[in-house]
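[1] sequence and computational prediction follow.
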Amino acid sequence: MSKVLLPLADGFEEIEAISVADILRRGGLDVIIAAILTKEVVGAHGVKVIADTLFDDIKDFDFDAIVLHGGNLGYKNLAKSDKLLELLRKFDEKNKLIGAICAAPYVLAKAGIIKNSYTCYPSIELEIKKSGYIDNKSVVIDGNIFTSRGPATAIEFALELLKKLKGDEIARNVREGVLA
């Protein structure tokens, strides 16, 4: 079974993190939600989530993909983790799938791995300070990096990740099952 790491930090955008985890799990992926600081993580809108584990407690980083959420403060809290930034660099070196939605492409830029084309929440491209921003697509794929715009694009983003990891048929079945 393919494994996906979803780091979770205080201030995460609830729709992005939960929708992505849900869609990927519906598709048969083993999604590990790993909290950056404490197992109880509070989202940008006050929703509390209990993570599966702490990020620092993960010893085996043998994951097929890593997916980052946005959210006001959430992406900044992810970007503060040197361990996460280093892991992103290692994933990129191995050409493993990396997903970032909303403001999370900022974290990719901080890690130095953002590619030539990307999308993100409008105005975050000003913080990223890199050309290649695409504002008219919900999901942009550039090599091993998948980026998406925000909460309203979370299901489409998750389905694209699922398609890449499990194939067209499984992604289509999940899409039909959730009426997307």
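    Okay, I see it.
[2] and the helices in this protein, which stretches?
    14-26, 74-79, 82-93, 105-111, 124-128, 154-166, 168-177 (DSSP state H).
[3] residues contacting the nearest residue to Phe55 once chain neighbours are set aside?
    Of all residues not flanking Phe55 in the chain, Ala34 sits nearest, at 4.2 Å (Cβ to Cβ, 6 or more residues apart in numbering). C-beta here means a position set from N, CA and C on the backbone, and glycine is covered the same way. Going by Cβ atoms under 8 Å, 6 or more residues apart in numbering, Ala34 touches Leu5, Leu6, Pro7, Leu8, Ala51, Asp52, Thr53, Leu54, Phe55, Asp57, Ile58.
[4] on the strand side of things, show who the second one bridges to.
    When you say that, I think you mean Leu6. Leu6 has these beta-bridge partners by DSSP bridges: Ile33.
[5] show me what contacts it?
    By Cβ under 8 Å, 6+ apart, the contact set of Leu6 is Ala17, Val20, Ala21, Val31, Ile32, Ile33, Ala34, Ile66, Val67, Leu68, His69.
[6] against Ser19, how distant is Pro7?
    16 Å (Cβ to Cβ, to the nearest Å).
[7] one step back: which one of the contacts of Leu6 is nearest Asp92?
    Lowest distance from Asp92 to the contacts of Leu6 (Cβ to Cβ) belongs to Ile66, with 9.9 Å.
[8] tally of neighbours for the closest one?
    24 (other Cβ atoms under 10 Å).
[9] distance check, the residue nearest to Phe55 against Asp60.
    Counting by Cβ to Cβ - Ala34 and Asp60 are separated by 12 Å.
[10] Ser117 now?
    Taking Cβ to Cβ, one finds Ser117 at 32 Å from Asp60.
[11] more neighbours, the two?
    For the pair Ser117 and Asp60, the greater number of neighbours falls to Ser117 (17 against 6), based on other Cβ under 10 Å.
[12] what's near enough to touch that one?
    By Cβ under 8 Å, 6+ apart, the residues touching Ser117 are Gly132, Tyr133, Ile134, Val140, Asp142.
[13] please repeat the previous calculation with a cut-off of 7 Å.
    Gly132, Ile134, Val140, Asp142 (Cβ atoms under 7 Å, 6 or more residues apart in numbering).
[14] grab the nearest non-local neighbour of the last one.
    Spelled out, that is Asp142. Asp142 sits nearest to Lys115 (Cβ to Cβ, 6+ apart), 3.8 Å away.
[15] and for the one you found, the neighbour number?
    18.
[16] quick one: pLDDT of it?
    Here the pLDDT value assigned to Lys115 is 96.
[17] which residues are in contact with stretch 93-108?
    13, 16, 64-71, 75, 78-79, 88, 91-92, 114, 118, 120-121, 124, 127-128, 144-150, 154, 157, 161, 164-165.
[18] no further queries at this time; thank you.
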